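Undergrad: Everything below, folded, please.
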Amino acid sequence: MISASSISVTWSANGDPASTSYYARLSTNNFATLVASSQTLNLSTTFFGLVANATYYVDVQAVDNADVGTGLRLPAGDVDTVASPLSAVPTAVGSSSVTANWGADGNAGTTLYLAQISTNNFASINASSATLNASAVFTGLVSNTTYYFHVEAIGNGGLATAFTVLPTTATLLLPPGLAAQGFSAVAAAAYDQLGHRRQRTRNDL
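TA: Sure thing, here's the model as predicted:
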């Protein structure tokens with residue numbers, strides 16, 4: 001049985017007596033090094049504390065009373081069950097952009113995340129971002145508008161988690177614009193080129 005952080009390995013006695021001991025090993029690099037090992041009289045063992053969405057190799061050998069072991073390699077096991085991303089607060093909120101954030105929750109660095117944004121709680125999707133990071137920047141947003149976010153994790157084998165709902169946020173208002181200032185043609189005509197007010201003449205009427 002495989003979960004996001006553990007793998008259970010089973011085997012058969014194949015005629016060996018009940019006093020037979022079994023030695024199981026776990027590795028991430030085809031046994032160049034070991035992550036963990038287990039010696040048991042049972043026909044199964046479970047390894048805990050594994051990294052989600054990572055490939056693990058398992059083998060087991062039977063050991064007799066004289067401490068002589070036989071080799072039996074089991075197929076490689078993929079801990080492909082991916083942990084759901086953890087919700088986190090958005091940051092860098094501006095009038096036209098927001099950064100969505102989440103936690104990996106122990107997933108391997110090869111885990112792909114799909115983040116999406118919506119203005120109507122995902123009746124439709126405004127934008128999506130696929131990334132290996134634990135954040136995504138969404139730009140080109142409308143100011144003073146509420147946006148909804150969610151994200152899913154996708155494992156190496158293509159298995160995806162349910163979407164994790166992230167906090168909603170509203171983009172900021174734009175500051176008011178300043179209108180161009182100037183004199184009207186009539187008012188400007190009442191001043192000479194040096195800026196001095198001149199007396200109106202009959203020709204001005």
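
Undergrad: which stretches of the chain have low pLDDT?
TA: 1-2, 72-80, 179-205 (pLDDT under 70).

Undergrad: let's see 50
TA: Scanning the chain for pLDDT under 50 picks out 183, 185-188, 201-202.

Undergrad: Got the domain ranges for it?
TA: If you go by automatic domain parsing, the domain ranges for the chain are 7-79, 86-170.

Undergrad: deepest of those, which one?
TA: domain 86-170 (a mean of 16; mean count of other CB atoms under 10 Å). The way it works is simple: take the backbone N, C-alpha and C, and place the C-beta from them, glycine included.

Undergrad: With distance to Pro176 added, can I get the domains of the chain in TSV?
TA: What follows is the domains of the chain, written out as TSV (distance: least, CB to CB, whole Å):
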stretch	distance to Pro176
domain 7-79	49
domain 86-170	12
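
Undergrad: out of the ones you listed, which comes closest to Gly177?
TA: Gly177 lies closest to domain 86-170 among these, at 12.6 Å (CB to CB).

Undergrad: just how off-centre is the closest one within its chain?
TA: 7 Å (CA atoms, centre = their mean, to the nearest Å).

Undergrad: List the beta-bridge partners for Ser44.
TA: Beta-bridge pairing for Ser44 (DSSP bridges): Thr10.

Undergrad: all strands of this protein, in order?
TA: Here the chain has its strands, by DSSP state E, at 7-10, 21-27, 36-40, 44-47, 54-63, 72-73, 77-79, 86-87, 98-103, 112-118, 127-131, 135-138, 146-154, 164-170.

Undergrad: I'd like the ones you listed as CSV, with distance to Leu178 appended.
TA: Listed next are the strands of the chain as CSV, based on distance: least, CB to CB, whole Å:
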stretch, distance to Leu178
strand 7-10, 65
strand 21-27, 67
strand 36-40, 67
strand 44-47, 66
strand 54-63, 57
strand 72-73, 75
strand 77-79, 59
strand 86-87, 41
strand 98-103, 27
strand 112-118, 32
strand 127-131, 32
strand 135-138, 29
strand 146-154, 28
strand 164-170, 25
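
Undergrad: For Leu26, name its beta-bridge partners.
TA: In beta-bridge terms (that is, DSSP bridges), Leu26 pairs with Ala36, Val58.

Undergrad: Could you pull up the contacting residues of it?
TA: Neighbouring residues of Leu26 by CB atoms under 8 Å, 6 or more residues apart in numbering: 7, 34-37, 47, 56-58.

Undergrad: what's the answer for Val142, then?
TA: 96, 119, 171.

Undergrad: Looking at these, which is nearest Ala66?
TA: Thr119 (71.9 Å).

Undergrad: where's the closest one relative to Val142, distance?
TA: The gap separating Thr119 from Val142 is 8 Å, by CB to CB, to the nearest Å.

Undergrad: Skipping adjacent residues, who's closest to Phe163 in space?
TA: His150 (4.1 Å; CB to CB, 6 or more residues apart in numbering).

Undergrad: Contacts only, for that neighbour.
TA: Contacts of His150 by CB under 8 Å, 6+ apart are 115-116, 122, 163-166.
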